[in-house]
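[1] predicted model and sequence below, questions to follow.
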2 protein chains.
Amino acid sequence: MMNSPVAIRRAGRRSGNSGTREAILAAARGQFIATGFRGTTIRSVAKAAGVDPALVLHFFRTKDGLFVEAVRLPINPATPLREALERAPDSAGPALVEFLLEAWDSEDTNRTMLAIVRSAMTEEVASKMVREQIVGAVAQVLAACGIDQPEYRAALVATQMAGIVLGRYVVAIHALVEADRSEILAAFGPTIQRYLTGALHQEAGT
Amino acid sequence: MMNSPVAIRRAGRRSGNSGTREAILAAARGQFIATGFRGTTIRSVAKAAGVDPALVLHFFRTKDGLFVEAVRLPINPATPLREALERAPDSAGPALVEFLLEAWDSEDTNRTMLAIVRSAMTEEVASKMVREQIVGAVAQVLAACGIDQPEYRAALVATQMAGIVLGRYVVAIHALVEADRSEILAAFGPTIQRYLTGALHQEAGT
């Protein structure tokens, strides 16, 4: 009933024009980033966009659907990873760390990624975005470059990248916030490099 | 006014007996774990414990204070780390990873830690708990063992440990969930070992 044609015709001032969908997306993006997944509702987005809630449901069906469309991943590590692996595979690890720091030190990217990371802690729709659009994309690049165990390696890379994000940008561990880029690169570059192209199965602790 | 003696005398059936504080803590712990920091209120905890909200404020002053007392860290990596560093320093990395897996594979510990980790993404009180009680405790052990840069090393360890938790237990990346313990140990053991006792400043990517 909610997304019947009648309900849509009853929608607010923006209904019917091609900018409506974009207006809803912009409102949703702002709210998801500002107040998180749980603090955002179909109704609050509709109100901010000046449309009827039925129109939001008509375009995006569910809040999950709205999230996926509104909160696009602002950075994709697959592109710099592919370039690094083709150009200088032995420095792909540091290259990825450098990419991560640049992205998160940029305020806009930081705000959007933070919304995704926080939502991923509790919402399956955001977890799925991380698994598919980040980890899955990295795995595809590794597979395309003929590297063994691409899914597992991508997962290992993701753990350390996520850890850097948490430590430096979310929980703000003093020693990591204070570290300069060259220290961060020297610490994490070799780790990411090993996860990408190194030996993973040497006996640990012997 | 809320925590004046008068308000306390008006408190519910449990007021005045020594089990009251414990009853409030138990109720708070249950709610913080089940519904998170934001889903828990002084009022909802008071109701569950059968006391007046003023009594909760009297004992714990703020919701932050209640959180710190109620949600105690169920695992402390400092103890196994100290033992490993004294017994066989070269296997301290894998020992810490093993400790982490055992803790998180235990259902009770998992639920409490998940509440702390999720809260740490948005609440300063939980971030502080992670920084002080986990990262700080590890740094103290490293310093006591005479290892250089203890704060920085503890932070590095924390990033990779947190990443394992996120990948395997929160976001549930398939390849990490499926990996058996020996694979996980072989992948992450050497990383944690290097962060604990290895060289951190070699030139990256050369």
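    Right, received. Where do you want to start?

[2] drop to CA atoms for contacts and neighbour counts, all remaining ones
    Fine.

[3] measure residue A:54 to chain B for me?
    To chain B, residue A:54 is 28 Å away according to C-alpha to the nearest C-alpha, to the nearest Å.

[4] can you tell me the SS state at that residue?
    Here residue A:54 is recorded as helix under DSSP: H, G, I helix; E, B strand; the rest coil.

[5] for residue B:157, see how far away it is.
    From residue A:54 across to residue B:157, the span is 49 Å (C-alpha to C-alpha, to the nearest Å).

[6] need phi/psi at the most centrally placed residue in chain A.
    Geometric centre of chain A, nearest residue: residue A:73, 4.5 Å, by C-alpha atoms, centre = their mean. Residue A:73 has phi and psi values of phi -60, psi 120 when expressed as degrees, to the nearest 10.

[7] need the residues that contact the host helix or strand of residue A:128.
    Element membership for residue A:128, per DSSP states H and E: helix A:124-129. Residues outside helix A:124-129 that contact it (C-alpha atoms under 8 Å, 6 or more residues apart in numbering or on different chains): A:64, A:67-68, A:116-117, A:119-121, B:171-172.

[8] what sits closest to residue A:177 if chain neighbours are left out?
    With C-alpha to C-alpha, 6 or more residues apart in numbering or on different chains as the criterion, residue A:177 has its nearest non-adjacent residue at 5.1 Å, and that residue is residue A:168.

[9] tell me how chain A divides into domains.
    Following automatic domain parsing, chain A resolves into domains at A:5-70, A:78-197.

[10] so what secondary structure elements neighbour the helix or strand where residue A:66 lies?
    Element membership for residue A:66, per DSSP H and E: helix A:63-70. Contact partners of helix A:63-70 among helices and strands, from 3 or more C-alpha pairs under 8 Å, 6 or more residues apart in numbering or on different chains; DSSP states H and E: helix A:19-35, helix A:124-129.

[11] so which bits of the first one are buried?
    If you call a residue buried by 16 or more other C-alpha atoms under 10 Å in any protein chain shown, then helix A:19-35 has these buried ones: A:20-21, A:23-33.

[12] surely the residue nearest to the centre of chain A and residue A:113 touch.
    Yes: applying C-alpha atoms under 8 Å, one finds residue A:73 in contact with residue A:113, separated by 7.2 Å.

[13] low-confidence stretches in chain A?
    Across chain A, the ranges flagged by pLDDT under 70 are A:1-18, A:202-206.

[14] just the helices from it, written as ranges.
    Remark: helices assigned in chain A by DSSP state H are A:5-9, A:19-35, A:42-49, A:53-60, A:63-70, A:78-87, A:92-105, A:107-120, A:124-129, A:136-144, A:150-164, A:174-178, A:181-197.

[15] pick the most deeply packed of these.
    Comparing the helices of chain A on average neighbours per residue, with mean count of other C-alpha atoms under 10 Å in any protein chain shown, the densest one is helix A:150-164 at a mean of 24.

[16] what's that one in contact with?
    With C-alpha under 8 Å, 6+ apart as the test, helix A:150-164 has contacts from A:97, A:100, A:135-136, A:138-140, A:142-143, A:188, A:192, A:195-196, B:158-164, B:166-167, B:173, B:175-176, B:187.

[17] again, but for stretch A:67-84
    By C-alpha under 8 Å, 6+ apart, the surrounding residues in contact with stretch A:67-84 are A:25-26, A:28-29, A:32, A:37, A:91-92, A:95-96, A:99-100, A:103, A:109, A:112-113, A:116, A:125-126, A:129, A:133-134, A:137-138, A:141.

[18] now swap in stretch A:27-42 and tell me
    For stretch A:27-42, the surrounding residues in contact (C-alpha under 8 Å, 6+ apart) are A:45-46, A:48-49, A:53, A:56-57, A:63, A:66-67, A:70-71, A:111-112, A:114-115, A:118-119, A:123.

[19] roughly how far is it from the heart of the chain?
    15 Å (C-alpha atoms, centre = their mean, to the nearest Å).

[20] and for stretch A:99-108?
    Once both centres are worked out by C-alpha atoms, centre = their mean, stretch A:99-108 turns out to sit 12 Å from its chain's centre.

[21] cool, stretch A:150-163 as well?
    Remark: stretch A:150-163 is offset 14 Å from the chain centroid, using C-alpha atoms, centre = their mean.

[22] CA atoms only for stretch A:73-83, dumped as CSV, please.
    This file holds the C-alpha atoms of stretch A:73-83, laid out as CSV (Å, rounded to 0.1, in the frame of the first residue of the first chain):
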residue,chain,number,x,y,z
LEU,A,73,32.2,3.8,-0.8
PRO,A,74,34.3,7.0,-1.3
ILE,A,75,37.5,5.0,-1.7
ASN,A,76,38.3,1.8,-3.4
PRO,A,77,41.6,0.2,-2.6
ALA,A,78,41.4,-2.1,-5.6
THR,A,79,42.5,0.6,-8.0
PRO,A,80,45.8,1.7,-6.2
LEU,A,81,46.4,-2.0,-5.4
ARG,A,82,46.2,-3.1,-9.0
GLU,A,83,48.5,-0.2,-10.1
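
[23] that one: how far from the chain's middle?
    On the basis of C-alpha atoms, centre = their mean, the separation between the geometric centre of stretch A:73-83 and that of its chain is 11 Å.

[24] next: stretch A:28-48.
    With C-alpha atoms, centre = their mean as the basis, stretch A:28-48 stands 18 Å off its chain's centre.

[25] export that stretch to PDB, keeping only CA atoms.
    Taking C-alpha atoms only, stretch A:28-48 is exported to PDB below (Å, rounded to 0.1, in the frame of the first residue of the first chain):
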ATOM      1  CA  ALA A  28      19.900  10.100   3.300                       C
ATOM      2  CA  ARG A  29      23.600  10.400   2.900                       C
ATOM      3  CA  GLY A  30      23.700  13.400   5.200                       C
ATOM      4  CA  GLN A  31      21.600  11.600   7.800                       C
ATOM      5  CA  PHE A  32      23.400   8.300   7.700                       C
ATOM      6  CA  ILE A  33      26.800  10.100   8.200                       C
ATOM      7  CA  ALA A  34      25.500  12.500  10.900                       C
ATOM      8  CA  THR A  35      23.400  10.100  13.000                       C
ATOM      9  CA  GLY A  36      24.300   6.600  11.900                       C
ATOM     10  CA  PHE A  37      22.200   3.800  10.500                       C
ATOM     11  CA  ARG A  38      19.900   3.500  13.500                       C
ATOM     12  CA  GLY A  39      19.400   7.200  13.900                       C
ATOM     13  CA  THR A  40      18.100   7.500  10.400                       C
ATOM     14  CA  THR A  41      14.600   6.600   9.300                       C
ATOM     15  CA  ILE A  42      12.700   6.500   6.100                       C
ATOM     16  CA  ARG A  43      10.500   9.200   7.600                       C
ATOM     17  CA  SER A  44      13.300  11.500   8.600                       C
ATOM     18  CA  VAL A  45      14.900  11.200   5.200                       C
ATOM     19  CA  ALA A  46      11.600  11.900   3.500                       C
ATOM     20  CA  LYS A  47      11.100  15.000   5.600                       C
ATOM     21  CA  ALA A  48      14.600  16.300   4.900                       C
END
